[in-house]
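Participant: For reference, the sequence and a predicted model appear below.
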Amino acid sequence: MQSRFVHAQVAHLVASLSKKNIKSNIQELQQIVEQHGVVARTQLVLCLLRHVNILDGKGGKEQLHQTQILSQELQALLAHEACTTALCTIFEAPDFHSKGKFTVAVLNNLSKILKLTAAQDLAVGLALHRSLNKDVSSAGGAQVRAKLPDVLKHGDTTLPHQLLQQILLLVQSQQAVTEFGAAEDAVTAYLTALRKVFTVNATPALLLPLLHPLDAGCIGEQFTRTATLPSTRDLLQQVRSKLDLAELMFELGYSCCASETAAQELLAQFPVQSLTPSVIAQVLGMMAHTHVGLEDSVTLQTSPSDSAAWETKSNEGSAGAASNEARTWNVEAFVRAVGGVVRDINWRAVFGELDYAGFQLRDLAGLGLLVRAFAAVSDTPFPVDIFLRPWTNAKAQLSVLALVVNPAHAAAPEVQTVLRSPGRQVPRENLKALSSSSDLSLTPWLCIDLLAALVAIGETSCHDQVQALFAPALQSFPEVLAIGLVQATPPDVWTSLQNDLMSALLRLFLMPHPNSAPVLTKVYAHRPALVFDKMAEWYFQTAPNARANCVSRILDVAQSLLALEALLKSSKHFAFTLDLAVLASQRQFVNLARWLDSRLKQQPQTAGAATVALCQRRLAEATGGVPDEPTSTCIACLKAAVDANVAFPPDVVPSIRLLTETYVPQQPASSSESVQHPRSQHVAPARAAMPPSLDLGTRSTSMGGVTALSWSIAGETPTPPPSSSS
């Protein structure tokens with residue numbers, strides 16, 4: 001809530017900038033940035049960029065004040081240790097994407113409007129090249145290729161140390177030449193110039209391993225000499241060969257990062273370029289999985305003066321003190337140490353790399369460790385979107401989401417923090433008496449992106465586990481689930497898990513329910529075919545003697561959704577739609593003859609058999625074998641179709657012939673008239689009772705409100721049977 005308020009306040013102050021209030025607005029903005037840190041500065045730069053409109057590169061006088069402030073704030077952001085994360089957050093926003101694409105032209109416009117130096121352009125490009133968005137990363141790489149050769153050529157040694165570190169990393173990894181097009185002689189000349197300025201004794205620790213690797217190596221030799229235990233020496237050798245930081249820390253135990261200093265001593269043994277987001281992510285994953293029950297097993301000393309930070313105390317009193325301090329991982333100390341060594345690390349990228357095969361959260365405390373880790377290095381909200389996008393390792397992703405949706409964890413601060421930026425929400429307008437609407441356990445189920453993530457995981461081998469997670473919500477929040485699930489996937493995607501869940505949910509709302517109307521309206525708006533399928537599914541799963549009530553309810557629902565016409569055009573389940581059309585005709589909603597005549601011609605294979613079956617069933621239920629009005633209409637339509645040479649299936653033709661020969665019009669009319677005006681006919685049976693050879697079936701379904709036609713036995717005067725009111 002506080003974060004949203006800050007965003008709104010910054011946006012208002014930027015939008016209202018004018019010559020009259022510029023001083024007061026700038027003062028307020030500075031206070032907000034000082035109070036809320038990099039998250040406020042990131043939001044400020046984002047708002048300023050929106051007003052400057054860097055998409056077209058036309059900065060005008062009307063944006064003069066915003067442009068001036070933007071220039072200052074961008075420079076301050078480039079100097080911040082969270083620069084990479086902040087810039088990626090800003091330029092990954094859709095505001096700066098044209099037709100869904102981000103191009104290097106945006107960065108060129110930014111440079112032109114703000115008159116950035118080549119070094120500043122390079123810093124922006126290096127930061128964006130680490131983005132998880134492919135377009136942004138590609139544009140950042142193009143910017144680096146354009147600016148790095150210029151920076152090297154001019155030989156500026158006064159650049160910020162953070163930028164120098166990134167340039168030296170590119171040089172050391174050969175990327176400067178192979179990937180970004182720098183000339184080898186320019187690289188050599190620049191390194192020579194830097195070493196003249198930064199001698200061994202005058203080089204900052206951040207640049208020492210990169211400018212003077214041999215002298216920096218002496219530190220490693222001293223580290224090896226002061227490690228007294230063979231097991232420690234072996235571990236250090238393993239680190240230098242395999243660079244498996246997570247495994248080393250697991251072996252060393254909690255004390256290896258009991259303080260930020262201890263963590264820095266450990267990280268100093270690794271080349272900076274080896275501390276990638278993937279490596280750091282695996283350390284965080286290991287910590288979250290082993291936050292309890294891990295005892296320190298190795299004593300490690302960095303130097304005689306610092307040994308107390310690493311070694312396990314031998315006497316009883318000091319052992320007790322150590323155990324109190326190192327009962328779990330000090331994740332805050334570790335991530336701050338990482339930020340000090342790899343100053344441009346993108347923490348969103350780190351959390352994105354948690355998608356690896358061995359990652360698994362066992363309990364809520366593990367989730368809390370990840371929340372604390374991100375909060376220690378970033379003022380931005382926890383990146384829950386990373387855990388909701390598609391993962392390669394479904395079980396790893398599910399271990400996180402299962403904790404978030406567990407009703408027992410609803411009030412946990414960790415879960416509330418994760419769900420602070422929920423993304424797309426399930427619309428709840430017009431829902432009446434939403435059960436447990438104030439229950440905190442409802443919050444995760446309102447997030448459509450979370451539903452989408454669970455649905456996607458449900459298509460893997462984790463289907464049963466995911467389905468079990470939905471069980472409490474099916475009982476407590478069926479309305480929210482029904483509306484959310486139909487929006488969880490694109491219109492052309494529908495999963496087996498969604499289908500299973502919606503079968504139960506729509507059955508609930510197809511029957512009378514306080515929220516039937518709003519739920520079915522929203523579901524029908526997104527997935528009309530789904531509603532039709534579930535109506536038919538309910539019909540076929542209902543016992544034959546109870547289908548009359550089922551069809552009546554479905555007709556009411558279809559009318560309320562204004563969907564009767566579309567439903568009757570459905571060709572998937574003709575037996576169901578025919579039964580529905582019969583009832584609709586009795587209520588004067590449908591001209592049964594015209595509708596059935598059209599269907600028999602369009603779908604003779606399915607419509608013919610279904611119509612015969614319906615006639616047989618209704619004749620079996622009729623008193624004395626005398627057809628009622630809908631049945632006579634169906635027989636007349638079959639007769640008209642036969643006369644029109646409609647190609648019915650061979651196995652159905654004998655039954656159609658028997659029906660049409662047994663029950664014939666008393667005064668034959670043209671084919672068109674017999675179909676369009678069936679109520680003007682009187683169809684008579686050829687005999688007083690149906691012949692034994694005609695299979696009428698034994699199912700009985702009450703279809704109330706039917707007005708019977710007049711029937712006559714051949715050779716007798718027609719006598720109208722008693723009629724029942726609709």
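Facilitator: That came in fine, so what should we check first?

Participant: elements contacting the host helix or strand of Trp595?
Facilitator: Assigned by DSSP states H and E, Trp595 belongs to helix 592-602. Where contact means 3 or more CB pairs under 8 Å, 6 or more residues apart in numbering; DSSP states H and E, helix 592-602 is packed against helix 574-586, helix 604-621, helix 629-643, helix 671-676. All C-beta spots, glycine's among them, are computed from the backbone N, C-alpha and C.

Participant: name the helices or strands packed onto the first one?
Facilitator: Contacts defined by 3+ CB pairs under 8 Å, 6+ apart place helix 574-586 against helix 528-541, helix 547-560, helix 564-568, helix 592-602, helix 604-621, helix 629-643.

Participant: that older thread, for the helices and strands packed on helix 592-602, please prepare a markdown table with the additional fields distance to Glu537 and mean neighbour count.
Facilitator: What follows is the helices and strands packed on helix 592-602, written out as a markdown table (distance: least, CB to CB, whole Å; neighbours: other CB atoms under 10 Å):
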| stretch | distance to Glu537 | mean neighbour count |
| --- | --- | --- |
| helix 574-586 | 9 | 23 |
| helix 604-621 | 17 | 21 |
| helix 629-643 | 24 | 24 |
| helix 671-676 | 31 | 18 |
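
Participant: Which of the ones you listed sits closest to Gln66?
Facilitator: With CB to CB as the measure, helix 574-586 is the member of the helices and strands packed on helix 592-602 nearest Gln66 (61.4 Å).

Participant: which residues are contacting the closest one?
Facilitator: Helix 574-586 has contacts (CB atoms under 8 Å, 6 or more residues apart in numbering) with 535-536, 539-540, 547, 551-552, 554-555, 558, 564, 567-568, 570, 590-592, 595-596, 599, 603, 606-607, 610-611, 613-614, 629-630, 633-634, 703, 705-707, 726.

Participant: just stretch 18-34 next, same as before
Facilitator: Residues outside stretch 18-34 that contact it (CB under 8 Å, 6+ apart): 6, 9-10, 13-14, 16-17, 40-41, 44, 65, 69.

Participant: Identify each buried residue in that stretch, please.
Facilitator: Neighbour-count burial for stretch 18-34 flags 25-26, 29, 32-33 (criterion: 16 or more other CB atoms under 10 Å).

Participant: What of stretch 69-81?
Facilitator: Going by neighbour count (16+ other CB under 10 Å), the buried part of stretch 69-81 is 69-71, 73-74, 77-78, 80-81.

Participant: Select from those every entry located in strands.
Facilitator: Using DSSP state E to define strands, no part of these is located there.

Participant: lowest average confidence, helix or strand, in the chain?
Facilitator: helix 671-676 (a mean of 36; mean pLDDT, DSSP states H and E).

Participant: follow-up on the earlier one: widest-spaced pair of the buried residues of stretch 69-81?
Facilitator: Ile69 and Glu81 (21.9 Å).

Participant: before we move on, back to that, now list the buried members of the contacts of stretch 18-34.
Facilitator: Buried by 16+ other CB under 10 Å: 6, 9-10, 13-14, 17, 40-41, 44, 65, 69, out of the contacts of stretch 18-34.

Participant: What's the first helix or strand after the helix or strand hosting Asp464?
Facilitator: In the assignment (DSSP H and E), Asp464 maps to helix 463-476. Sequence order places helix 478-485 as the next helix or strand after helix 463-476, per DSSP H and E.

Participant: Could you point out the helix or strand that follows that following helix?
Facilitator: Per DSSP H and E, helix 478-485 leads on to helix 496-510 as the next helix or strand towards the C-terminus.

Participant: what's the helix or strand just after that next one packed up against?
Facilitator: Note on helix 496-510: by DSSP H and E, the next helix or strand toward the C-terminus is helix 516-526. Packed against helix 516-526 by the contact rule (3+ CB pairs under 8 Å, 6+ apart) you find helix 478-485, helix 496-510, helix 528-541, helix 547-560.

Participant: At which residues are the strands of the chain located?
Facilitator: Using DSSP E, strands in the chain cover 663-665, 683-685.

Participant: what's the least confident stretch among these?
Facilitator: If the strands of the chain are sorted by mean pLDDT, strand 683-685 sits at the bottom with a mean of 46.

Participant: could the buried residues of stretch 18-34 go into a markdown table alongside pLDDT and distance to Phe198?
Facilitator: Below are the buried residues of stretch 18-34 laid out as a markdown table (pLDDT from 0 to 100; distance: CB to CB, whole Å):
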| residue | pLDDT | distance to Phe198 |
| --- | --- | --- |
| Asn25 | 84 | 41 |
| Ile26 | 86 | 37 |
| Leu29 | 86 | 36 |
| Ile32 | 87 | 37 |
| Val33 | 85 | 32 |
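
Participant: Taking those residues together, which two end up most distant?
Facilitator: Taking CB to CB, no two of these sit farther apart than Asn25 and Val33, at 12.6 Å.

Participant: Look at the nearest residue to Ala473 once chain neighbours are set aside and say how many residues are nearby.
Facilitator: Leaving out its chain neighbours, the residue that sits closest to Ala473 by CB to CB, 6 or more residues apart in numbering is Trp445, at 5.0 Å. For Trp445, the count of nearby residues is 21 (other CB atoms under 10 Å).

Participant: Over to Leu481?
Facilitator: Neighbour tally, Leu481, other CB under 10 Å: 22.

Participant: that older thread, which among the helices and strands packed on helix 574-586 is found nearest to Ala517?
Facilitator: Closest of these to Ala517 is helix 547-560, at 6.5 Å (criterion: CB to CB).

Participant: okay, that closest one in PDB with CA atoms only?
Facilitator: The C-alpha trace of helix 547-560 is given here as PDB (Å, rounded to 0.1, in the frame of the first residue of the first chain):
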ATOM      1  CA  ARG A 547     -33.800 -35.200 -17.400                       C
ATOM      2  CA  ALA A 548     -37.000 -33.100 -17.800                       C
ATOM      3  CA  ASN A 549     -36.000 -30.900 -14.800                       C
ATOM      4  CA  CYS A 550     -32.400 -30.700 -16.100                       C
ATOM      5  CA  VAL A 551     -33.500 -29.600 -19.600                       C
ATOM      6  CA  SER A 552     -35.900 -27.100 -18.100                       C
ATOM      7  CA  ARG A 553     -33.200 -25.500 -16.000                       C
ATOM      8  CA  ILE A 554     -30.800 -25.400 -18.900                       C
ATOM      9  CA  LEU A 555     -33.400 -23.700 -21.100                       C
ATOM     10  CA  ASP A 556     -33.900 -21.100 -18.400                       C
ATOM     11  CA  VAL A 557     -30.100 -20.500 -18.200                       C
ATOM     12  CA  ALA A 558     -29.800 -20.300 -21.900                       C
ATOM     13  CA  GLN A 559     -32.600 -17.700 -22.200                       C
ATOM     14  CA  SER A 560     -31.000 -15.600 -19.400                       C
END
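
Participant: helices or strands up against that helix?
Facilitator: Packing partners of helix 547-560 (3+ CB pairs under 8 Å, 6+ apart): helix 496-510, helix 516-526, helix 528-541, helix 564-568, helix 574-586.

Participant: most neighbours per residue, which of those?
Facilitator: Neighbour counts (mean count of other CB atoms under 10 Å) averaged over each of these peak at helix 574-586, with a mean of 23.

Participant: orientation of that helix relative to helix 604-621 in degrees?
Facilitator: Taking axes from the mean of the first three to the mean of the last three CA atoms, to 10 degrees, helix 574-586 and helix 604-621 form an angle of 60 degrees between their directions.

Participant: gap between helix 574-586 and the chain center?
Facilitator: Remark: helix 574-586 is offset 40 Å from the chain centroid, using CA atoms, centre = their mean, to the nearest Å.
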